[in-house]
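Engineer: Here you go, sequence then predicted model.
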Amino acid sequence: MRAAWTRVRRYGGAHPQLLDGVVSWLVVAGVVLAARYDYASHGRVFGLPGVLLTAAAILPVTLRRRAPVTVFLLCLAGSLASVLAGYWDALNNFGPLLALYTVAVQRSRRVSLTAAALATVVEAAGTASAHLGPLWLLAVLAALLSATTWAVGDIRRILTERNARLEVLTRELERDREARARRAVTEERMRIATELHDVLAHHMSVIAVQAGLAGYVLESDPPTAAGALRAVNDTSRQVLDELRRLFVLLRIGSDPVVPAGDSSPAFSLDRIEVLAERVRALGIPVELVVDGVVRPLPDSVALCVYRIVQESLTNVVKHAGGAGARVRLAYGDTVFVARITDEGRKRGVPAESGGHGLIGMRERARLYGGTLTAGPRERGGFEVVLTLPISSAGGTDNH
């Protein structure tokens, strides 16, 4: 039964005019049937004129959503004519009241109050002409009925307007959130690009030194020259990888931003212990665990890991309430995993500015072909997991 009613409501919401038409015809039929019994014994015998007047007072409701004021006037005129013809006024109140409700919902308060006053006057005058009771009592009843109908419609109008304003505000906030998110991604990309620039400068310095050494000892010490050339070859490949990533970042075309913190290639995985010491100095215990066979990673990859660990530990300081943290670095055969967890209370995403810190971390991971997941732990606290593909030689595999 409930499912059927739900389907009817859904269909009626999709076809409101059809629903109004069906309801109005059902009401007309109900009035005609009721008029054949004692319900209408207060007035004139109900015949064909009564049916026509009832239809005139009720059927215009079908178009109430399109022309509420016109429908209200038609229904009010039909109801008044029915009363003046000697029929009981209670038979045809449905049309004018529903139309008045629609006017209160769709039109301004000045228009709806005018309609309510008109309905009160016409209803009171009509019932008074039928001598159905004291004039003052009829006027009070008519005013009470019209006022109640108007109040319900006016409240619905206020709620509708408020909901519309909230929807507009929600859309504006959503657009603003998306704009801020895009801006955060752009700023993070430019920060990464700046860091890659420093990494590239370091590599180019190595290439220049090794190439100069090879040229200097090429005839006197061929093995040393060969080793220097191999170093130039390896470093050149790394430079090509970093340039490829840098070109991807620079495609976004954004104004440069000032990077936060030191972007020197000296920030490698070895510095994570220094970072942990800084956090411990704040009174927050940090455990650093390394699994697997430790091997060097490219400078930019190490810097990516460092930045993500740095951001995660910063969030621990801000949001974990002094709880301890653990940083686990796992070297696998094909992947490197950094897992940062804390034991604080359960909470949502701890990044600032609507999750932009998390956006930046994900952007870094994506740049190196990796993934980053973050979320609350079932037993409390928060966990960030960075996974990067690596080769057995320590380089990344996302060429």
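Structural biologist: That came in fine, so what should we check first?
Engineer: Mind exporting the C-alpha coordinates of stretch 209-226 to PDB?
Structural biologist: Presented in PDB, the C-alpha positions along stretch 209-226 are these (Å, rounded to 0.1, in the frame of the first residue of the first chain):
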ATOM      1  CA  VAL A 209      81.100  18.100 -13.300                       C
ATOM      2  CA  GLN A 210      81.200  14.500 -14.600                       C
ATOM      3  CA  ALA A 211      81.400  15.600 -18.200                       C
ATOM      4  CA  GLY A 212      84.300  17.900 -17.300                       C
ATOM      5  CA  LEU A 213      86.000  15.100 -15.400                       C
ATOM      6  CA  ALA A 214      85.600  12.700 -18.300                       C
ATOM      7  CA  GLY A 215      87.100  15.200 -20.800                       C
ATOM      8  CA  TYR A 216      90.000  15.900 -18.400                       C
ATOM      9  CA  VAL A 217      91.000  12.200 -17.900                       C
ATOM     10  CA  LEU A 218      89.900  10.800 -21.200                       C
ATOM     11  CA  GLU A 219      93.400   9.900 -22.400                       C
ATOM     12  CA  SER A 220      95.300   9.600 -19.100                       C
ATOM     13  CA  ASP A 221      92.700   7.500 -17.200                       C
ATOM     14  CA  PRO A 222      90.200   5.800 -19.500                       C
ATOM     15  CA  PRO A 223      88.400   3.800 -16.700                       C
ATOM     16  CA  THR A 224      87.800   7.000 -14.700                       C
ATOM     17  CA  ALA A 225      86.500   8.700 -17.800                       C
ATOM     18  CA  ALA A 226      84.200   5.800 -18.600                       C
END
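Engineer: in that stretch, what counts as buried?
Structural biologist: Buried residues in stretch 209-226, counting neighbours by 16 or more other CB atoms under 10 Å, are found at 210-211, 213-214, 217, 225. Where C-beta positions appear, they are placed from N, C-alpha and C, glycine not excepted.
Engineer: Could you chop the chain up by domain?
Structural biologist: Annotated domains of the chain cover 2-133, 179-250, 271-389 [automatic domain parsing].
Engineer: Lowest average confidence across those domains, which one?
Structural biologist: Taking each of the domains of the chain in turn, the one with the lowest mean pLDDT is domain 179-250, at a mean of 71.
Engineer: hang on, the earlier thing: for Thr148, find the nearest of the domains of the chain.
Structural biologist: When the domains of the chain are compared by CB to CB, domain 2-133 sits nearest Thr148, at 9.0 Å.
Engineer: For the domains of the chain, give me TSV that also has distance to Arg157.
Structural biologist: Output for the domains of the chain, formatted as TSV (distance: least, CB to CB, whole Å):
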stretch	distance to Arg157
domain 2-133	5
domain 179-250	33
domain 271-389	34
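Engineer: Figure out which of those domains is closest to Ala139.
Structural biologist: Between those, domain 2-133 lies closest to Ala139; by CB to CB that is 4.4 Å.
Engineer: What is the distance between the closest one and the centre of its chain?
Structural biologist: 43 Å (CA atoms, centre = their mean, to the nearest Å).
Engineer: from the buried residues of stretch 209-226, which single one is nearest Ala320?
Structural biologist: Using CB to CB, the buried residues of stretch 209-226 come closest to Ala320 at Gln210, 45.6 Å.
Engineer: if I look at that closest one, how far off is Thr224?
Structural biologist: 10 Å (CB to CB, to the nearest Å).
Engineer: how many neighbours does Arg362 have?
Structural biologist: 20 (other CB atoms under 10 Å).
Engineer: can you start the count at 36 instead of 1 from here on
Structural biologist: Noted, 36 is the first residue going forward, which turns the last one into Arg397.
Engineer: which ones are touching it?
Structural biologist: Leu407 (CB atoms under 8 Å, 6 or more residues apart in numbering).
Engineer: Surely it is in a helix?
Structural biologist: Yes. Looking at Arg397 with DSSP: H, G, I helix; E, B strand; the rest coil, it is inside a helix.
Engineer: Now do it against Val63, distance only.
Structural biologist: When Arg397 is compared with Val63 (using CB to CB), they lie 63 Å apart.
Engineer: again with Val175
Structural biologist: Distance from Val175 to Val63, by CB to CB: 29 Å.
Engineer: ok, those two, which is more surrounded?
Structural biologist: The residue with more neighbours, out of Val175 and Val63, is Val63; 20 against 13, by other CB under 10 Å.
Engineer: For that one, give me its contacts.
Structural biologist: 86, 89-90, 93-94.
Engineer: Also Ala358?
Structural biologist: Ala358 neighbours (CB under 8 Å, 6+ apart): 319, 351, 377-380, 416.
Engineer: Of the residues you listed, just say which sits nearest to Leu115.
Structural biologist: So of the contacts of Ala358, ranked by how close each gets to Leu115 (CB to CB), first place is Arg380, at 68.5 Å.
Engineer: OK, contacts around Glu413?
Structural biologist: Glu413 neighbours (CB under 8 Å, 6+ apart): none.
Engineer: the helices in the stretch 186-335 of the chain, which residues?
Structural biologist: Taking DSSP state H, counting those that start in this stretch, the helices of the stretch 186-335 of the chain run over residues 257-285, 306-315, 334-354.
Engineer: Give the buried residues for the second one.
Structural biologist: By neighbour count, with 16+ other CB under 10 Å as the criterion, the buried positions of helix 306-315 are 306-307, 310-311, 314.
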